[in-house]
Structure formats: structure tokens, C-alpha cells
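[1] Sequence plus the predicted model coming up.
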Amino acid sequence: MGILDNINFLTPPSPETSTDFRFLDTPCDHLIRNEAVPSFDIDALVQPAIYSEPFVVYNNFSYSDQINPDASTIIKTKYPYVNTGSLVLYQIIDSTTSSPVEETFVVSEVIGTVYPMAFPPRTNSVSAKQKIFVNSTDYRLIDFTNYVLSQLYGKIQFTNADDAGTEIIFSYLADKKQINPVNLSTNLVNYEVLGSDQDGFAIIRIYGRALTSTKSKIILRYGTDQRSCTKCAGSGILNDIFFDYNGKIQEVYDFSKMIQDFFKRLLTIKGSNPFDPNEGTAVTAYAGMAKTDGFVLSDLIKSDIVNLIYSIRDKQNLQGNLQGISLAEQIAQVNDIAVRVTSPTDINVIIEVVSKSGRIQQITAKVGS
């Protein structure tokens, strides 16, 4: 259970309260993002073929090897896979300002025709040049602006009918492109999860028709279990911005703000804040002492908490001179502090705290080394 789990955030804040974003005690979604697949064997998907236009130029040259749409290869996740519906595959290629992706389009007579780029372009990386032919073979390039770009999906629409029939070269840096589970044009499977191996890693079959380039790399997003999660390190809790069910950033106020203000200072390592060397406590450093003297450990933590309360009260007094601060977000007293050793390196600190509004709450924080 998290320290803010018993707070009813549907209760409106009091008029005089100050507010802050909730970033403490955020439940982790155990989502692995942007995991590169180092063992991806794209050579198994290509076949010799004659390249025909229209074509895309990758890193200043086009490839003659084509991808066999029906060929497939196997990839695996790096961590155990939990099927939460969050599995997404992306493809991406290397591109730089000196070696961008280049695509050539011929403007249609039908204004409004949509031209999909091979990859979504990165923000502010797109430039366009129009070919102006001097004779049947020679041409010069001029800047071209008669188009509208859908940045997110990499789709282009030309806006001037007078440009019909001309060739436009787009240069850009490629962003990752999501791979649909099913090919939208053929209704055939692009990739499928075959199951899991003995370690719980997902076994995924990916087909050649899923890819745009023979130089594609695969990136994964998927859910894993709490024990294997790299974001929360198995704790289940993150100190990060919390979004509610409506997608809005949740705010803390009144009693919830008092709890967050208290615990973010409790778990801050003293001396780590360059702007206030007295901010925080040494509680996290005490965790390694859990296997030695529990009585000494308890006294040290209680002493730090008492000093912390005085510090918070001082800062709230200064804050009250500048902006509103409610009784519910001010600490009146701490009724009890209990320190429980749960493992050689983990400690549970249980505190019963009372606000100036009279509300009492028992809250628990886990401290680990």
C-alpha cells in the first residue's frame, strides 16, 4: 500500500490551501519502453531483387536487396513478458543531418492527395526541394514550401495545383515508426507472439512485410512483472508525475500535500540539494545498519524525523507570509514513530501524524539501501 492510497482526491481543496503536482508514491505500470532488439536478424528477411521506382534513399544510397514479405524471423524480449495488451513494435533506421532519409514524390493533379513518408520525421528536421529542369536531363533544386506536413504520422499534402507533375525531394531525420500487428493493405499478420520461453521472455515472430527498409532496427514496448521492472526496481512505486484516469496531472493539497512535503524531504539524502545543504535526512543511509543494532537505528531515525518536522514548520511559516497555506497541510504533531526492520537492508517507518486541522493519519514509508 502506498502512503497516499487512503487520500480521497475527489474532496475539493480548501480555499486557502497551496497545491503541488503529485509525484510521490506513483504506482508503476511496469512498462518497458524503447528496448532495442540486438539479436534481430534482418538478413533472414531479404532476397535479391531489382530495385524499381518509386524509391526511398536511406543514408544517401538505395538498396537493391528487397525484403521478402512472407519471410519471418524470431525475436525475444529482454525481460519477462506480461500480456497486458501493451506490446508494441517499432522500426527505426539510422539517420543524421549529414546522412538523412530522402524521399522523392511527384505532385498529383488532385490537390489533397495524401503522401505517406516511410518514417515519421523528427521535429524540425524536414526540408523540401523542388526539381526545376533546365532541359530533359539537367535540373536545379530550389526550396519548396507548398505543402502541409502531418508531423506525427509523416503524411504530406501538396497545396498548389500549379506544382502538378513536378518532383519534390524531402530530406529528414527518421523517428521510430509503429508496426501494426496486421498489415493494413493485405490483412496479413505483421508479427505475432508465439508464447514465452522457460524464463518468461516473449517469443515473437516478425514478418518481412512489417518493415520498410533493409536497414531497419526493432524497438519494443511491453509490460513486465514487478520483480523484473527496471523503472521501480521491484518496489511497485515511482517518484514521478501522477496522471489520473482522465489523463490530467493529479495535484496534492491540504492533508495530501502535507504528507508529500514530509516524505519527499524524509527520503531526500541530506546534502544532495545544492541549493539547501540542510534539506533532507540521513534515513536512507541508515538502511545498511538494519543488520546491526536495531535500537540505535530507531533512535537515529526518530531524531531525524523530529528535526525534519522543525525544518518543515519553519519553511511553512515563511510560505504563509507569501501565499495561502491551510491548516490541513501544516504538521501539528507526530503521535508515534515505529521503526521495523523487514530485511538486512530494508526498513519500514510507520508514522502517525496530526495536522493542525486535527486530522490524524498513519502512513508508512519503505526505506532501502
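    In hand now; what should we look at? Note that this is a predicted model, so its numbers are computed, not measured. Residues are numbered from 1 along each chain as shown.
[2] can we go C-alpha only for contacts and neighbour counts from here?
    OK.
[3] could you give the mean pLDDT of the longest helix along the chain?
    In the chain, assigned by DSSP state H, the helix with the most residues is helix 294-320. When pLDDT is averaged over helix 294-320, the result is 75.
[4] now do stretch 46-60
    Stretch 46-60 comes out at a mean pLDDT of 53.
[5] packing partners for the longest helix of the chain?
    Here helix 294-320 touches helix 254-266, strand 331-343, going by 3 or more C-alpha pairs under 8 Å, 6 or more residues apart in numbering; DSSP states H and E.
[6] which of the ones you listed sits most buried?
    helix 254-266 (a mean of 21; mean count of other C-alpha atoms under 10 Å).
[7] Report the angle between it and strand 331-343.
    Per axes from the mean of the first three to the mean of the last three C-alpha atoms, to 10 degrees, the angle that helix 254-266 makes with strand 331-343 is 50 degrees.
[8] so how far is helix 254-266 off the chain centroid?
    25 Å (C-alpha atoms, centre = their mean, to the nearest Å).
[9] what packs against it?
    strand 19-21, helix 294-320.
[10] how about the strands of the stretch 1-150 of the chain, start to end?
    19-21, 26-27, 31-36, 46-48, 56-58, 65-67, 72-80, 88-92, 101-106, 114-116, 127-133, 139-143, 147-150 (DSSP state E, counting those that start in this stretch).
[11] Tabulate the helices and strands packed on helix 294-320 in CSV, adding columns for distance to residue 117 and mean pLDDT.
    As requested, those are exported to CSV (distance: least, C-alpha to C-alpha, whole Å; pLDDT from 0 to 100):
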stretch, distance to residue 117, mean pLDDT
helix 254-266, 46, 73
strand 331-343, 55, 76
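[12] So for residue 317, which of the ones you listed sits nearest?
    Taking C-alpha to C-alpha, strand 331-343 is the member of the helices and strands packed on helix 294-320 nearest to residue 317, at 11.3 Å.
[13] Paired strands for the closest one, with orientation please.
    Sheet pairing of strand 331-343 (DSSP bridges) gives strand 346-355 (antiparallel).
[14] So what's the gap between the partner strand and the chain middle?
    31 Å.
[15] how much does it deviate in direction from helix 294-320?
    Using the same axes, to 10 degrees: strand 346-355 against helix 294-320 is 40 degrees.
[16] Can you mark which positions in strand 346-355 are buried?
    In terms of neighbour count (16 or more other C-alpha atoms under 10 Å), strand 346-355 has its buried residues at 346-351, 353-355.
[17] For those residues, could you give me TSV that also reports pLDDT?
    Below are the buried residues of strand 346-355 laid out as TSV (pLDDT from 0 to 100):
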residue	pLDDT
346	69
347	72
348	76
349	76
350	79
351	78
353	77
354	80
355	79
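[18] Identify, from those, the entry nearest to residue 326.
    residue 355 (9.8 Å).
[19] Now for the closest one: which residues touch it?
    Contacts here follow C-alpha atoms under 8 Å, 6 or more residues apart in numbering; on that basis residue 355 touches 255, 327-333.
[20] Let me know the closest of these to residue 149.
    Out of these, the member with the shortest distance to residue 149 (by C-alpha to C-alpha) is residue 255, at 47.6 Å.
[21] what is the mean pLDDT for stretch 229-236?
    Here the average pLDDT along stretch 229-236 is 77.
[22] Quick one: end-to-end length of that stretch, please.
    8 Å (C-alpha to C-alpha, to the nearest Å).
[23] Identify each buried residue in it, please.
    Under 16+ other C-alpha under 10 Å, the buried positions of stretch 229-236 are 229, 231-232, 236.
[24] what's around the closest residue to residue 131 other than its chain neighbours, how many residues?
    Distances taken as C-alpha to C-alpha, 6 or more residues apart in numbering place residue 141 nearest to residue 131, at 5.0 Å, with adjacent residues excluded. Residues within reach of residue 141, counting by other C-alpha atoms under 10 Å, total 13.
[25] for residue 141, what are its contacts?
    With C-alpha under 8 Å, 6+ apart, residue 141 has these contacts: 129-132.
[26] what does residue 183 give?
    189-190, 209-210.
[27] Quick check: phi and psi at it.
    phi -70, psi 120 (degrees, to the nearest 10).
[28] What distance do you get for it to residue 191?
    9 Å.
[29] sec struct for the closest residue to residue 118 other than its chain neighbours, please.
    Leaving aside its chain neighbours, residue 118 sits nearest to residue 212 (6.7 Å; criterion: C-alpha to C-alpha, 6+ apart). Following DSSP: H, G, I helix; E, B strand; the rest coil, residue 212 is assigned to coil.
[30] Just give the number of residues close to residue 212.
    Under the criterion other C-alpha under 10 Å, the count of neighbours that residue 212 has is 18.
[31] Which residue comes closest to residue 342 once chain neighbours are left out?
    residue 348 (6.8 Å).
[32] Report the beta-bridge partner residues of that neighbour.
    residue 340, residue 366.
[33] Distance-wise, check it relative to residue 283.
    11 Å.
[34] What of residue 307?
    12 Å.
[35] who's more crowded, these two?
    Between residue 307 and residue 283, counting by other C-alpha under 10 Å, residue 283 is the more crowded of the two (24 against 13).
[36] could you dump the buried residues of stretch 229-236 to TSV with distance to residue 121?
    Formatted as TSV, the buried residues of stretch 229-236 follow (distance: C-alpha to C-alpha, whole Å):
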residue	distance to residue 121
229	31
231	28
232	32
236	35
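[37] any idea which of those residues is closest to residue 86?
    Distances from residue 86 to those, taken by C-alpha to C-alpha, are shortest for residue 229, at 14.4 Å.
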